[in-house]
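Participant: My questions are about this predicted structure, shown below with the sequence.
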Amino acid sequence: MSDALIRCTKEQPNPLMDILPKKRVRELNGTVTFKPPPSKSEERAEDGWEIVSSATEGGGNKLEPSNNSDLVVPPEIAGPLTGTMWALFDTLHETANSTPADKAKSTTMLKTIATSDTFRDAFDEIPKSYHGALRAMPQFVEGMEAAPLAAQSAEGSADASGIGLLEYAIDDFDGDQVFVQDGYLAVLENLAKDILNSKLVKCEAEVVSIDWSRSPATVKVEDGSTLETWTAKNVVCTLPLGVLKERHMNIFQPPLPKDKRESIESLGFGTLDKIFMVYDSPWWAQEPYSSILRNGLVKKPIDSTSPSKDSSEDGEREPDMLVGFSHDLPGVAVHRDGTSEPGLRTLMLINLHPLTGFPVLSCFVSCANARQIESMSDLKAQALLHDNLTAWFGREPPKPTGVHVTRWGDDRFSKGSYSHMITGVSETRHREEFQKALDIKGGGTLSFAGEHTSRNHFATVHGALISGWREADAIIKAWQREEGWIRQPTFDN
């Protein structure tokens, strides 16, 4: 099971929507934000909280509320709080697209957020007692982009300068986040069913080398204990950027030219993991937990003007998203004056029960947090989340009966999740370089596809899809040119 988000509008449809006409897709609807805990040395008795000792592994502080309403941020504040974060994404796109590329390359996303009117004005709109939550909200960018805002979130020294503003200097699809309720496996089955049935795709076979020095090119494939050699005039490499970073020197013969190597090294590649916790039943939809959630329900995660208490139907709805704050994973706090420091970690959980019918919570963790989670056993990751749910709800909920951590960083066939732009290093030309096929005299043609090769749609499934169409179109065009045929339509990059 996986949760899957795509973005589109009727006016600018995502190509995935044409592929999924009969699949279950709906907009995320309803979010609850839990009150952030105070710092470990801070007491907030005036807010109805008092610090008590924790009996959980690792120590730390728990909070005990005076009543259920003290557990969640009320809708009239939660709406503007989360609405500010979603509005920041629009601000970042506008700023990036109006900033010269050289300046955007050297400007951190963190600085852009901290100095934006959208973020600064929120400190006037939102009560001071919730400024701790507001300071942690920019971390949503890390979760969306699998890229660090600051050095403490970086997975390694290459990303220490943080994600750059150039990340948002793109022309991507507009619209709301919608959820593919059957997961992306439905996309794969729709796209590849006929090809898989025809046995044209060989699964569970590892490519160990690609020799494009002669035509046809040769591709050596390891299938268990057997080494096979395939030949082709055209080879399209769709290896993830993380794999290229680790293995390109050993895979390609001759080695890739300087410009390709520079592109591989200059683009960032981050990790976004999900922790799935499976339960016997959706306890959060039952008392006393459901009453707690009703006190903080906002209709839409991106709607800052619609509290939940305007209809009985809204009152019975399960939220699709839970947002909470934790001391257990390192985060970053962004202050109004533009400075930042280590702080609370913002955790976002998707409630899969109303979306899929299964009693499952899915928690997003990214960057250094993802690598920290991957270093744990599934049970230890489960315990960490369970302790935080206990703190958020002010009581211990039922324990999950199963847990699964995706572990994309440790997966040797991905080595992470998707690409991003590193401040001071990454440039748009590094993505565009992948769109230039390699073709030496007497050799085969080697081209590249994947999300990291897309100019405007990187870090997305539709970006990977469109890049595949792009390279297929280029091959068809070359064949047609040889045969004197009419050119086929091209696809956006």
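Facilitator: That came through fine.

Participant: Quick check: phi and psi at residue 441.
Facilitator: phi -60, psi 120 (degrees, to the nearest 10).

Participant: From residue 214, how far off is it?
Facilitator: To residue 214, residue 441 is 10 Å away according to Cβ to Cβ, to the nearest Å. Using the backbone N, CA and C atoms, a C-beta is placed for each residue, glycine as well.

Participant: before we move on, what about residue 38?
Facilitator: 67 Å.

Participant: Then residue 435?
Facilitator: For residue 435, the distance to residue 214 equals 24 Å [Cβ to Cβ].

Participant: What of residue 256?
Facilitator: Distance from residue 256 to residue 214, by Cβ to Cβ: 16 Å.

Participant: Who has more neighbours out of these two?
Facilitator: Neighbours were counted for residue 256 and for residue 214 using other Cβ atoms under 10 Å; residue 256 has more, 21 against 12.

Participant: pretty sure the more buried one contacts residue 245?
Facilitator: No: between residue 256 and residue 245 there is no contact under Cβ atoms under 8 Å: 11.9 Å.

Participant: what do those two both touch?
Facilitator: Applying Cβ atoms under 8 Å, 6 or more residues apart in numbering, one finds that residue 256 and residue 245 are jointly contacted by residue 264.

Participant: does residue 284 count as helix, strand or coil?
Facilitator: Put simply, residue 284 is helix when judged by DSSP: H, G, I helix; E, B strand; the rest coil.

Participant: for the stretch 151-300 of the chain, what spans make up the helices?
Facilitator: Using DSSP state H, counting those that start in this stretch, the helices of the stretch 151-300 of the chain run over residues 185-197, 241-251, 258-266, 289-294.

Participant: how about residue 318, phi and psi?
Facilitator: Here the main-chain torsion angles of residue 318 (degrees, to the nearest 10) amount to phi -80, psi 140.

Participant: Can you verify my assumption that it contacts residue 353?
Facilitator: Yes: counting by Cβ under 8 Å, residue 353 is a contact partner of residue 318 at 6.2 Å.

Participant: got any residues that touch both of these two?
Facilitator: Joint contacts of residue 318 and residue 353 (Cβ under 8 Å, 6+ apart) are 282, 284-285.

Participant: Can you give me the neighbour number for the closest residue in space to residue 196 that isn't next to it in sequence?
Facilitator: In space, and not counting its chain neighbours, residue 196 is closest to residue 203: 8.0 Å by Cβ to Cβ, 6 or more residues apart in numbering. Around residue 203 there are 6 other residues, counting by other Cβ under 10 Å.

Participant: So residue 203 versus residue 187, what's the distance?
Facilitator: 17 Å.

Participant: Below-threshold pLDDT in the stretch 51-200 of the chain: ranges please.
Facilitator: Residue ranges of the stretch 51-200 of the chain with pLDDT under 70: 51-69, 174-177.

Participant: Could you pull out the strands in it for me?
Facilitator: 61-65, 176-180 (DSSP state E, counting those that start in this stretch).

Participant: Check the stretch 251-400 of the chain too.
Facilitator: Ranges of strands within the stretch 251-400 of the chain are 252-253, 268-270, 272-278, 321-334, 340-351, 360-366, based on DSSP E, counting those that start in this stretch.

Participant: The third one packs against which elements?
Facilitator: Using 3 or more Cβ pairs under 8 Å, 6 or more residues apart in numbering; DSSP states H and E, the elements in contact with strand 272-278 are strand 360-366, helix 367-374, helix 378-393, strand 402-405.

Participant: Then the second one?
Facilitator: Other elements packing on strand 268-270 under the criterion 3+ Cβ pairs under 8 Å, 6+ apart are helix 241-251, strand 418-420.

Participant: Comparing these, which comes out most buried?
Facilitator: Neighbour counts (mean count of other Cβ atoms under 10 Å) averaged over each of those peak at strand 418-420, with a mean of 27.

Participant: Between the two ends of stretch 237-245, how far is it?
Facilitator: 14 Å (Cα to Cα, to the nearest Å).

Participant: average pLDDT for that stretch?
Facilitator: Per-region confidence: stretch 237-245 scores 98 on mean pLDDT.

Participant: thinking in terms of the whole chain, how far from its middle is stretch 244-261?
Facilitator: 27 Å (Cα atoms, centre = their mean, to the nearest Å).

Participant: what residues does it touch?
Facilitator: Applying Cβ under 8 Å, 6+ apart, the external contacts of stretch 244-261 come out as 207-213, 239, 264-265, 269, 415, 433-434, 436, 438, 440, 446.

Participant: 6 Å instead, please
Facilitator: Contacts of stretch 244-261 from elsewhere in the structure, counted by Cβ atoms under 6 Å, 6 or more residues apart in numbering, are 209-211, 213, 264, 415, 433.

Participant: what about the closest residue to residue 331 other than its chain neighbours, neighbour count?
Facilitator: In space, residue 331 comes closest to residue 345 once its chain neighbours are excluded; the distance is 3.5 Å by Cβ to Cβ, 6+ apart. Look at residue 345: counted by other Cβ under 10 Å, it has 21 neighbours.

Participant: Pull the contacting residues for residue 345.
Facilitator: 326, 329, 331.

Participant: Assess the claim that the last one and residue 342 are in contact.
Facilitator: No: assessed by Cβ atoms under 6 Å, residue 331 is found out of contact with residue 342, at 7.1 Å.

Participant: These two - which one has more neighbours?
Facilitator: residue 331 (24 against 12).

Participant: For residue 458, see how far away that one is.
Facilitator: In terms of Cβ to Cβ, residue 331 sits 25 Å off from residue 458.

Participant: how about low-confidence regions in the stretch 251-400 of the chain?
Facilitator: 300-316.

Participant: Nearest residue to the residue nearest the centre of the chain in space, please, no chain neighbours.
Facilitator: Nearest to the geometric centre of the chain sits residue 144, at 4.1 Å (Cα atoms, centre = their mean). Spatially, and ignoring its direct neighbours in sequence, residue 144 is nearest to residue 89 (7.6 Å; Cβ to Cβ, 6+ apart).

Participant: Quickly note the distance from the one you found to residue 167.
Facilitator: Taken as Cβ to Cβ, the span from residue 89 to residue 167 is 11 Å.

Participant: Kind regards, and thank you for your time.
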